[in-house]
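Undergrad: No letters, just coordinates:
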């Protein structure tokens, strides 16, 4: 049966390729139809800041690729819908994009929960997506074959910070998280790797996703004897935890907030209180770490008048990956595209893209930066650091 | 307490058992019928062979691929272990290369880097990698596979070992990384092998399905190609036609052979048929002849018996006749002279009476003359009652003459009736013969039978009178015996159709219808034992047939019986010729 399916599939693909080649001149003669790429983004709701950055990144890529004449002679047209930071809404949008709008390709939404919600829809219809806003390993533990990561695993986010703590002889850490899949992955990774650095997890505090009590969490962390705090959460959680620490009058030797601490808005909203906060960055405008990242930053600033972050660089990189995959496959046909994505090994603005058999990104470590005087200073890895880690004494 | 329901239940079970046995028997019969079918005989060996061969092939493939997959899995795991060793080696080498092997922080970072690399390696290769320190404390575990049991770790040291969790099987390999005193255990599942086996199984099933399908089609083709000519031959044979199959050489040869065999059988059957028909005809003829001979023999025997009886009867009658004739002859002479004497004596008495009358005319003279003498004569006259004598003597003489006449008649009748040895045909007055016979047997009839004679005046008939007298006597005696009392026997004679018809009708008890056809059979009698011989009517029938006459009977129970005798008036020529022939034979 499987053999029969494979044979039929092979024949179907061959037929598709032949038809595509045969019909290509027809398109070339007239105005080629654009490649319509659908996606949902959290343009409103709790993740709207990340959604906005994502939209900017995608739009910048769209502009760049269309300036180059499109892909395979076809312009790119993005169809972006607002999922209101809700997984179910995103799921419905992707169903509509596929069945109703009949988009040719898809981009991913932002955040691990929303990506996890739309993954089965994408998988069922045979579309492939390059995941730009999710790093939770849980997405790749489902056995999907069409979900390709472009970010390092969330479980590795805190590794660099733990190394910094060890170097600073900090041996007690409190981990605070919400019961959401991405923060849980970050916290899980922190718990896993802390012992390797001789660090004890003094407290593991999990707050409810929709009504977290960070004052309580801060108090528990202080009472645990922890010298440092790892906060696993988005922007709002990172800000609230920092404010809670300030409110209880306890500033740990080091405070880490992934991934909420990585966006500019964190610093903007907290002002000086953002200083000394460490976070993980998957991209920095650093040519040593991320080749051609400066050009991207320049282009981004030129277009959107702000400094890009990883949340903007990731979708741009996803566009680069998709473009390379289409060119490699020579088609937008979904199966061919999936095979191209599986075997692709290329450099993007956020680093090297190469996935394992499960579609998860390999061969890349996130960097750790610290807000110092309102600036993002890379403090880990040592070979890329722009400043020494500041410890609160 | 018996509620009476057990018996029906037992019966029901019994019936059920019988039904089941019957059904089992039917199934067995149908199975036997199926086994005897050509299709089964063709299909079964091929199917069985295919199944056995397929099973053996399947087992062989499974065994071979299982061994191969197992070996591949082991090699795969060894290579992956080697890759893991390379990862950790490269990190140690990096420390040495950067001269930081003695820097605890660098070593720590390298170890973490190594463990992270292990995690990536485990994830991308679907492994579980457990790293233990020198104190066998687990440092990290990567991958989703189950942890290997402790007892298996020593067994898997530098060698591949298998262990199971539930239905799943896993391979494990352990090696020591001495620089860091790490014991690294890799666990690999058998999913790749399982998928391979699953795909192989699918392939086998598809192949087996294709093979079975092809085999089925082949068998179908074979069966059809074999069955069709056979069915054509059978179809011809069923309608008793010679098979005329043309096509496959072997079946054509078979068809021709059967056809030739049928020809031979038909010829032999025809020969047998002919022989049988001839035999049947022969047997029929012989049977007919035997039957005929038997009938003849029976008839002959019957005639012999009849003749014997007739002879006996004739002998008896002849004896009686001779006796009667002798008696009649002896009586006839005395009767003759007695009759003569009585006639003479009547003359004498007449003379004497005339003399007495003369004396009496002169009685007065005597009385006067010799009163005493006259007185004495008167006294004597009175004493002897001479007047009465004179009156009576005439009567006595007449009566005596009458008696003598009757005796003479009887004697004559006896002589006429017996006529012993009278075998010659001559004309006779049958009415007188009837009367004679009646006289003979009158003593048997006179007290209960009234004879009514309605003679039509038969002419003399050429016959054997004594034998016909026997006929009359037998019929009359039977008629008399049929009448209990106050009956009538009517005797009618007439001539009709040149025959003498003699009806003897009685008003007796009649003969039941069921006996009418048997009354002429010899020895048939309804009389008590000792009263009748059963030969009377049989004898009469024989006599009538001897005269070419017939004897018919009409009878009604309770009303009487009519015997109608019909005799040719003259002796038929055939009888005459027969008698002459018999005479010649006797003379010879």
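TA: Nice, I can see it. Here the structure is a predicted model, which is why all the values come from computation and not from measurement.
Undergrad: The residue in the stretch 301-450 of chain B that chain A sits nearest to: neighbour count?
TA: With CB to the nearest CB as the measure, residue B:301 is the residue of the stretch 301-450 of chain B nearest to chain A, at 101.9 Å. Glycine gets a C-beta too; all of them are placed from N, C-alpha and C. Neighbours of residue B:301 under the rule other CB atoms under 10 Å in any protein chain shown: 12.
Undergrad: Please report how far the spatially most central residue of chain A lies from chain B.
TA: Closest to where the C-alpha atoms of chain A average out (CA atoms, centre = their mean) is residue A:133, at 3.1 Å. Between residue A:133 and chain B the computed distance is 21 Å (CB to the nearest CB, to the nearest Å).
Undergrad: and what of residue A:102?
TA: Counting by CB to the nearest CB, the gap between residue A:102 and chain B amounts to 34 Å.
Undergrad: and residue B:222, helix, strand or coil?
TA: helix (DSSP: H, G, I helix; E, B strand; the rest coil).
Undergrad: do the same with residue A:255
TA: Going by three-state DSSP, the secondary structure assigned to residue A:255 is strand.
Undergrad: partners of the residue nearest to the centre of chain A in the sheet?
TA: With DSSP bridges applied, the residues forming beta bridges to residue A:133 are residue A:110.
Undergrad: Surely it touches residue A:116?
TA: No - under the criterion of CB atoms under 8 Å, residue A:133 makes no contact with residue A:116, lying 11.3 Å away.
Undergrad: ok, how many other residues are close to residue A:230?
TA: Taking other CB under 10 Å as the criterion, the count of residues near residue A:230 is 31.
Undergrad: Next: residue B:440.
TA: Here the count is done by other CB under 10 Å, and residue B:440 has 21 residues near it.
Undergrad: Now tell me what touches the helix or strand where it lies from outside.
TA: Element membership for residue B:440 (DSSP states H and E) is helix B:430-445. Around helix B:430-445, the neighbours that count as contacts under CB atoms under 8 Å, 6 or more residues apart in numbering or on different chains are B:409-410, B:413-414, B:416-417, B:451, B:455, B:457-458, B:460-461, B:463, B:465, B:468-469, B:472-473, B:476-477, B:480, B:489, B:491, B:493, B:500, B:502, B:567.
Undergrad: Who does residue B:560 form a beta bridge with?
TA: Per DSSP bridges, the residues bridged to residue B:560 are residue B:556.
Undergrad: does residue B:494 count as helix, strand or coil?
TA: Assigned with three-state DSSP, residue B:494 falls in the strand class.
Undergrad: number of nearby residues for the residue nearest to it when sequence neighbours are not counted?
TA: Counting by CB to CB, 6 or more residues apart in numbering or on different chains, residue B:494 lies nearest to residue B:456, which is 3.7 Å off, once chain neighbours are set aside. Counted with other CB under 10 Å, residues neighbouring residue B:456 total 14.
Undergrad: now residue B:147
TA: Residue B:147 is flanked by 16 other residues according to other CB under 10 Å.
Undergrad: what's the answer for the one 3 residues further on, then?
TA: Residues lying near residue B:150 (other CB under 10 Å) number 8.
Undergrad: next one: residue A:107
TA: Each residue near residue A:107 was counted by other CB under 10 Å, and the total is 26.
Undergrad: Now do the same contact list for the residue of the stretch 101-250 of chain B found nearest chain A.
TA: For the stretch 101-250 of chain B and chain A, the shortest gap (CB to the nearest CB) falls at residue B:124, measuring 3.6 Å. With contacts defined as CB under 8 Å, 6+ apart, residue B:124 is in contact with A:356-358, A:360, A:362.
Undergrad: What of residue A:259?
TA: Residue A:259 neighbours (CB under 8 Å, 6+ apart): A:157, A:182, A:186, A:233-234, A:238, A:279-280.
Undergrad: Kindly report the same for residue B:475.
TA: B:504, B:537, B:540, B:563, B:565.
Undergrad: Can you read off the pLDDT for it?
TA: Taken from the predicted model, the pLDDT recorded for residue B:475 is 92.
Undergrad: Likewise for residue A:31?
TA: At residue A:31 the predicted local confidence, pLDDT, stands at 65.
Undergrad: which SS state does the most far-flung residue of chain B relative to its centre fall under?
TA: The centre of chain B is farthest from one residue, residue B:99, which by CA atoms, centre = their mean lies 123.3 Å away. For residue B:99, the secondary structure call by three-state DSSP comes out as coil.
Undergrad: Next, the contact list for whatever residue of chain A ends up closest to chain B, please.
TA: Chain B sits closest to residue A:356 of chain A, with a gap of 3.6 Å, by CB to the nearest CB. When the contact criterion is CB under 8 Å, 6+ apart, the partners of residue A:356 are A:362, B:120, B:123-124.
Undergrad: 6 Å - rerun?
TA: Contact partners of residue A:356, counting by CB atoms under 6 Å, 6 or more residues apart in numbering or on different chains, are A:362, B:124.
Undergrad: can you pull the contacts of residue A:368?
TA: Taking CB under 6 Å, 6+ apart as the definition of contact, the neighbours of residue A:368 are A:160-161, A:278, A:280, A:379-380.
Undergrad: buried residues in stretch A:86-103?
TA: Along stretch A:86-103, these residues count as buried under the neighbour rule (16 or more other CB atoms under 10 Å in any protein chain shown): A:86-87, A:89-94, A:97-98, A:103.
Undergrad: List, one by one, the residues from chain B near chain A.
TA: With CB under 6 Å from any CB of the partner chain as the criterion, chain B meets chain A at residues B:105, B:109, B:112, B:120, B:124, B:202.
Undergrad: So the third one: helix, strand or coil?
TA: What that stands for is residue B:112. Remark: residue B:112 carries the secondary structure label helix [criterion: three-state DSSP].
Undergrad: what's it in contact with, if anything?
TA: Taking CB under 6 Å, 6+ apart as the contact definition, residue B:112 lies against residue A:196.
Undergrad: Just the element for the residue of the stretch 301-450 of chain B closest to chain A, please.
TA: Remark: residue B:301 resides in helix B:249-361, with elements defined by DSSP H and E.
Undergrad: any idea of the mean pLDDT for that helix?
TA: Regarding helix B:249-361, the rounded mean pLDDT is 79.
Undergrad: Please name every helix or strand in contact with that helix.
TA: helix B:386-418 (3 or more CB pairs under 6 Å, 6 or more residues apart in numbering or on different chains; DSSP states H and E).
Undergrad: in the stretch 151-300 of chain A, which spans are helices?
TA: A:159-167, A:181-193, A:214-223, A:235-248, A:264-270, A:293-304 (DSSP state H, counting those that start in this stretch).
Undergrad: Dump these into JSON lines; add mean neighbour count and distance to residue B:220 as well.
TA: Formatted as JSON lines, the entries for the helices of the stretch 151-300 of chain A read as follows, by neighbours: other CB atoms under 10 Å in any protein chain shown; distance: least, CB to CB, whole Å:
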{"stretch": "helix A:159-167", "mean neighbour count": "25", "distance to residue B:220": "69"}
{"stretch": "helix A:181-193", "mean neighbour count": "24", "distance to residue B:220": "60"}
{"stretch": "helix A:214-223", "mean neighbour count": "20", "distance to residue B:220": "78"}
{"stretch": "helix A:235-248", "mean neighbour count": "21", "distance to residue B:220": "73"}
{"stretch": "helix A:264-270", "mean neighbour count": "18", "distance to residue B:220": "78"}
{"stretch": "helix A:293-304", "mean neighbour count": "16", "distance to residue B:220": "71"}
